[in-house]
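Q: 3D, please:
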Amino acid sequence: MSAYRRPFHLYPLFQIPLMFLGLFLVLAALFWLLGLGRPPVAVAIALDLSNSTYGDRFNAPGSVLESEIQAVNAYLDRNTPELLRQPNQVKVLGFAGVVRPLTEEFANNSEEVKEDLENALRRPGLEKSVIPGSTDLSRAINAGTDALSSREECRELLLVTDGQGDVSPTAIADATLNRVKLNSIVIGADAPALALAAVGTGGKYVSGNVNDLEQLFSNRFFGRFNSNLKWLIFWLACAWVALMWTLVLPFDRIILQGWRQMPMDMAGKIALGNAYFWTGLTPIIVWRIYKMLDLALPFLSQC
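A: Next comes the predicted model:
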């Protein structure tokens, strides 16, 4: 069986999968390099303005509140047309016992959001108007959910606090009903109620140090909200399946018949069986990866 009428690379069984392999690899490269497939996102950022975040003077230098503001600005510095084809729509809220808007409307112009936030923080009486002696997490979640409920984009609520408290089941249910993901950064001790709320709404919970706020805002959460990872995984999985079919004839002729000296019929069955095996197993593996990383399926959801 050493002579063949044509080399294997002239057969459609090799050429067609090879073309698909090249196509899927090009798509994966384009999505990676150009950031294609990133979802449109609306983000409501809820900042803890309780007096435990600043001590004797509101927004004092070196305070937790100042770090919160710097972290928001770091997020906004990345939320630009240079990095995102569609910058996030952002609105900032402040909360303690009650919630007050720190920017009036959602906007994707980072400089405008920064200016509105700075003006709000200078507003006389702001610290007293939020009832700074308490921290009402449920009220903050409800306000963020209400603000996001009318948005058409993927809805993300990012709450940062140094306090602990209860989160009402109604607040979590409303967020889930309105497809709002609750993401929380807790400075200091863990907050189990917020951790459960994040899990229940598909968000992310992080407990960290005040010095980590800028990095968490500008890298971890910005990257999470604006990720096209689901598309990269999808195209690479398609490329893997195409590769398995591209290798059917080389595997058959070079490895099984040539090196292992197998009969033609047995070698062909094994080579085809390998391609069918990976064609069936790859979607299962990809599904498990999506579930593990909490990713939506491509084509079915933009978020």
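Q: all helices of the chain, in order?
A: All helices of the chain, identified by DSSP state H, fall at 12-34, 64-78, 110-121, 126-129, 137-148, 169-177, 192-201, 213-215, 222-225, 229-246, 248-250, 264-293.
Q: what about those, which gets the closest to residue 257?
A: Proximity to residue 257 (Cβ to Cβ) singles out helix 264-293 among these, at 4.7 Å. Quick note: C-beta positions are derived from backbone N, CA and C, even for glycine.
Q: The helices of the chain: which one's closest to residue 91?
A: Smallest distance to residue 91 across the helices of the chain (Cβ to Cβ): 5.7 Å, for helix 137-148.
Q: which of the residues in that closest one are buried?
A: Of the residues in helix 137-148, those with enough neighbours to count as buried (16 or more other Cβ atoms under 10 Å) are 137, 138, 139, 140, 141, 142, 143, 144, 145, 147, 148.
Q: for stretch 265-277, same thing?
A: Counting neighbours by 16+ other Cβ under 10 Å, one finds that the buried residues in stretch 265-277 are 267, 268, 270, 271, 274, 275.
Q: how about the buried residues of helix 137-148 in CSV, adding distance to residue 217 and pLDDT?
A: Listed next are the buried residues of helix 137-148 as CSV, based on distance: Cβ to Cβ, whole Å; pLDDT from 0 to 100:
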residue, distance to residue 217, pLDDT
137, 19, 92
138, 23, 93
139, 22, 94
140, 17, 95
141, 18, 95
142, 22, 95
143, 19, 96
144, 16, 96
145, 20, 96
147, 18, 96
148, 18, 96
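Q: Count the residues that sit near the nearest residue to residue 237 once chain neighbours are set aside.
A: In space, not counting the residues next to it along the chain, residue 237 is nearest to residue 286; the distance is 4.7 Å by Cβ to Cβ, 6 or more residues apart in numbering. Number of residues near residue 286 (other Cβ atoms under 10 Å) recorded here: 21.
Q: Kindly report the same for residue 223.
A: By the measure other Cβ under 10 Å, the count of residues near residue 223 is 11.
Q: Name the nearest residue to residue 84, sequence neighbours excluded.
A: Excluding its sequence neighbours, the residue lying closest to residue 84 (Cβ to Cβ, 6+ apart) is residue 226, at 6.1 Å.
Q: What of residue 108?
A: Leaving aside its sequence neighbours, residue 108 sits nearest to residue 87 (Cβ to Cβ, 6+ apart; 4.1 Å).
Q: and for stretch 293-303, what are the contacting residues?
A: Residues outside stretch 293-303 that contact it (Cβ atoms under 8 Å, 6 or more residues apart in numbering): 37, 39-40, 154-155, 179, 202, 229-231, 233-234, 289-290.
Q: show me what contacts residue 289?
A: With contact set as Cβ under 8 Å, 6+ apart, residue 289 has these partners: 233, 295.
Q: returning to what we had before: against residue 193, how distant is the residue nearest to residue 237?
A: Computed as Cβ to Cβ, to the nearest Å, the residue 286 to residue 193 distance reads 34 Å.
Q: same question, residue 44
A: For residue 44, the distance to residue 193 under the criterion Cβ to Cβ works out to 19 Å.
Q: quick one, which of those two is more surrounded?
A: Each of residue 44 and residue 193 has its neighbours counted (other Cβ under 10 Å); residue 44 has more, 27 against 18.
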